[in-house]
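**Q** Give me coordinates for this.
(one chain, ligands or ions: 1)
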Amino acid sequence: MKSVQPKGSHFIDGAYVDDTAGREISCVYAATGETVATLHAATPAIVEAAIASAERAQKEWAALAPVARGRVLRRVADLLVERNAELSELESIDTGKPIQETLVADATSGAEALEYYAGLAATLTGETVPLGGDFVYTIREPLGVCLGIGAWNYPTQIAAWKAAPALACGNAMVFKPSEVTPLCALKLAELFIEAGAPAGLFNVVNGYGDAAASMVTDPRIAKVSLTGSVPTGQKVYAAAAEGLRHVTMELGGKSPLIIFEDADLENAISAAINANFYSTGQICSNGTRVFVHENIVEDFIERLVERSRTAILGDPLDPDTQIGPMITDAQRKKVLDYIRIGQEEGAELILGGHAPEGPGFFIEPTIFRNVTDEMTIAREEIFGPVLSILTFKDEDEVVARANDTQFGLAAGLFTKDFTRAHRVVAQLQAGTCWINEYNLTPVEAPFGGVKMSGVGRENSKAAIEHYSQVKSVYVAMGDVEAAF
Ligand code: NDP
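**A** Have a look, this model is predicted:
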């Protein structure tokens, strides 16, 4: 494995920096277990440098004409596209995701977010409110320094999805990647400098949860945007509330994918595969509860299993590989535990369920049938390649069961009956729904959860509301009246 050791553990004020007093972070290639880079977690001095430099850069950045800000974001987007091959390789090494996925879903997705917000930057204006003589105008202002905290499944995409709207609005960002994928955001920070952003506008601080926790309560942090699990989200939301900071919480899910009797079966199966096995199942919006109408369930299962058997597990850097390893051995153990619990609680394992012999943190694509609503594997987020099939008889029943969860990130359905599709979507408690598709998240559309799956929205014009604030300015045109 070629060296991917970065020039420093953090990227602050336009340059790589390190503080070897920080605890070691080993960056492990999940396909072999070999350590490919060693970094040091942020010390208080690193955190201080990052926030102070972001504070300086934010003032300079916010003073630029919006079109000039947009131009920088656009250049970063172009660089991401130009360097896609090398960035995708790094993403595959950082996460273990197959190169055939990373080439189309990571730097490219980040580039789309930057391109989108580059275009939007110069259109962000206030409004004028006539009052019959006097009037009010509003100014859309940046919040200040925003803190981004990322999960490990999409390190480039998460960093870009947070940075693009934040910076378009005139904010600066300090980004804390997950400690298990510390490499990709550093590259993004390099590209911001290459594209002409002021030093400090996008700083990356690597470290464990405690480094992020210390920044969440720093008085100079105006907003916290977290992608992570529900328990972490609850902690970070509570800590941010102390200073009444703005928050965006993109958290976990246990989303339903409903296959009605009239669905196009091959398309529905393709969606179920994508919704459970893409990125080895490590996707927050995955449709892990697959509700299939009882009249088609046997045909559905036969074809699903037949197709899933052909999945190619292997080295993520091999272009033929379709399924890579889990991110860490700990995550693999967690998923294997869920598979064991599923069997103990009476679900029928019909494919996979094992960790193949040999190096790396692999798990076979796993399918359970005869899953019922109260089983642990139908209630808890597994975050691995485990697909559960539940059956249903009628529409009202499946809607009620689909909504019977603490989560509300996403939902999908397959039917040829468009009246039913829209009727059902209207009743589903989820932030994002797909009709006859699954897991497509274009930057033009809002993305985020309801219930325990989160607060706020990423992407689209909706994210602007979460990275800016509105100032009202009352303008009097006449004399001031007073009682005495
Ligand atoms: P975690 O919740 O464990 O961690 C998320 C991030 O928060 C990490 O960078 C972590 O640092 C940091 N963190 C941990 N504790 C604290 C704390 N007390 N204060 C501040 N920051 C803290 O999530 P995972 O990385 O395990 O990612 C998997 C989860 O992310 C899944 O539940 C998944 O559903 C969710 N997710 C949601 C998405 C969405 O858009 N809704 C998208 C992708 C994933 P460290 O890693 O160093 O502990």
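**Q** For Val292, give me its contacts.
**A** By Cβ atoms under 8 Å, 6 or more residues apart in numbering, Val292 lies in contact with 259, 300-301, 389-392. Quick note: C-beta positions are derived from backbone N, CA and C, even for glycine.
**Q** Take those and lay them out in CSV including neighbour count, pLDDT and distance to Ala41.
**A** CSV is the format used below for the contacts of Val292 (neighbours: other Cβ atoms under 10 Å; pLDDT from 0 to 100; distance: Cβ to Cβ, whole Å):
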residue, neighbour count, pLDDT, distance to Ala41
Ile259, 29, 98, 45
Phe300, 22, 98, 47
Ile301, 18, 98, 46
Ile389, 22, 98, 42
Leu390, 23, 98, 42
Thr391, 19, 98, 48
Phe392, 21, 98, 48
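**Q** with those in mind, which one is nearest to Val247?
**A** Set against Val247, the nearest of these by Cβ to Cβ is Leu390 (33.4 Å).
**Q** Help me confirm that the closest one comes into contact with Arg289.
**A** Yes: with contact defined as Cβ atoms under 8 Å, Leu390 counts as touching Arg289 (6.1 Å).
**Q** joint contacts of those two?
**A** Common contacts of Leu390 and Arg289 (Cβ under 8 Å, 6+ apart): 371, 378.
**Q** still on that earlier bit, just the contacts of Val292: which are in helices?
**A** Within those, residues falling in helices by DSSP state H are 300-301.
**Q** Need the max-distance pair from the contacts of Val292.
**A** Ile301 and Phe392 (14.5 Å).
**Q** about what we covered before: also near the ligand: which of the contacts of Val292, exactly?
**A** Of the residues in the contacts of Val292, proximity to the ligand by Cβ under 6 Å from any ligand atom holds for none.
**Q** Based on its surroundings, how many neighbours for Thr441?
**A** Thr441: 19 surrounding residues under other Cβ atoms under 10 Å.
**Q** so who does it touch?
**A** 285, 432, 447, 459.
**Q** So it, which state does it fall into?
**A** Taken by DSSP: H, G, I helix; E, B strand; the rest coil, the conformation at Thr441 corresponds to coil.
**Q** And it, how far from the ligand?
**A** Between Thr441 and the ligand the computed distance is 9 Å (Cβ to the nearest ligand atom, to the nearest Å).
**Q** Let me know the pLDDT of that residue.
**A** pLDDT for Thr441: 98.
**Q** before we move on, what about the one 10 residues further on?
**A** Predicted confidence (pLDDT) at Lys451: the value is 98.
**Q** Find the residue closest to it in space, skipping its chain neighbours.
**A** Spatial nearest neighbour of Lys451, excluding adjacent residues (Cβ to Cβ, 6 or more residues apart in numbering): Gly408 at 3.6 Å.
**Q** Helix, strand or coil: sort out that neighbour for me.
**A** Gly408 - assigned by three-state DSSP - is coil.
**Q** And it, how close does it get to the ligand?
**A** Relative to the ligand, and taking Cβ to the nearest ligand atom, Gly408 is found at 11 Å.
**Q** isn't that residue right up against Val455?
**A** No: counting by Cβ under 8 Å, Val455 is not a contact partner of Gly408; they are 11.2 Å apart.
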